[in-house]
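Q: what follows is a predicted structure for the sequence shown.
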Amino acid sequence: MSTSAPTRCKWAETHLDKPFYVDYHDQEWGVPVHDDRHFFEMLILEGAQAGLSWLTILARRETYRAAYDNFDVQKIANYDDAKQQILLADPGIIRNRAKVTASITNAKVFIAIQKEFGSFDAYVWSFIGGKPIVNHHKSMSDVPVSTELSDALSKDLKKRGMKFVGTTIIYSFLQATGLVMDHTTDCHCYSGLVGK
């Protein structure tokens with residue numbers, strides 16, 4: 001007796017041959033996050049994605065974790081020129097000088113936000129009153145690439161000195177960390193996340 005595969009968002013259905021990508025869709029994307037280390041990881045990875053595909057970045061996630069001390073924000077904020085050179089020589093990450101430099105700058109800004117608000121979690125959730133935005137899109141073509149929320153968060157992060165945090169990158173970040181739930185209504189994850 002065969003069991004039919006669950007329906008997923010189209011972007012995940014196109015890569016069913018890549019289990020890490022499907023797992024990311026099924027277990028992580030759209031699930032509300034409240035962990036500062038995870039927030040910082042997603043900010044760095046989403047910034048690294050600029051001009052590339054998410055598949056390209058997600059395939060390198062483990063090498064990013066190794067290269068970036070498991071996204072320990074305190075360590076990254078103190079990276080010196082020698083460490084930057086090591087990162088720029090690492091074939092396991094995107095070796096873009098501007099992105100590597102931005103990751104260190106962003107770590108310093110992230111720490112400043114933690115000091116001001118008590119946690120990055122408190123800061124970012126304050127933009128939506130602490131409750132996820134649950135959308136009810138029928139297809140991926142209905143899902144926006146940016147919104148007034150991503151515009152506002154992007155503007156504030158830029159004002160604080162972060163780089164690679166444009167509104168499109170930030171909207172992807174909001175989706176990834178579950179502040180916004182954009183699974184399509186036919187996706188098996190949709191019903192599990194609605195009401196959470």
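A: Nice, thanks for sending it over.

Q: ok, residues contacting the lowest-mean-pLDDT helix or strand in the chain?
A: When the helices and strands of the chain are compared on mean pLDDT, DSSP states H and E, helix 188-193 comes out lowest with a mean of 91. With contacts defined as C-beta atoms under 8 Å, 6 or more residues apart in numbering, helix 188-193 is touched by 6-9, 25-26, 29-31, 134, 178, 181, 183-184. In short, each C-beta sits where N, CA and C put it, glycine included.

Q: redo that, cut-off 6 Å
A: For helix 188-193, contacts defined as C-beta atoms under 6 Å, 6 or more residues apart in numbering pick out Pro6, Thr7, Gly30, Met181, His183.

Q: could you dump those to a markdown table with distance to Leu58 and pLDDT?
A: A markdown table is the format used below for these (distance: C-beta to C-beta, whole Å; pLDDT from 0 to 100):
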| residue | distance to Leu58 | pLDDT |
| --- | --- | --- |
| Pro6 | 20 | 91 |
| Thr7 | 21 | 94 |
| Gly30 | 15 | 97 |
| Met181 | 19 | 97 |
| His183 | 17 | 97 |
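
Q: could you flag which of those are buried?
A: Gly30, Met181, His183 (16 or more other C-beta atoms under 10 Å).

Q: among the residues you listed, which are in helices?
A: Per DSSP state H, helices hold no members of these.

Q: what segments of this structure are helices?
A: Under DSSP H, the chain gives helices at 10-13, 19-27, 36-49, 54-58, 61-67, 73-77, 81-88, 97-117, 120-125, 148-160, 167-176, 188-193.

Q: just to revisit the earlier point, need the contacts of helix 188-193 in TSV with distance to Ala107, can you?
A: Output for the contacts of helix 188-193, formatted as TSV (distance: C-beta to C-beta, whole Å):
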residue	distance to Ala107
Pro6	38
Thr7	39
Gly30	26
Met181	28
His183	30
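
Q: one step back: in the least confident helix or strand of the chain, what's buried?
A: Cys189, Tyr190, Leu193.
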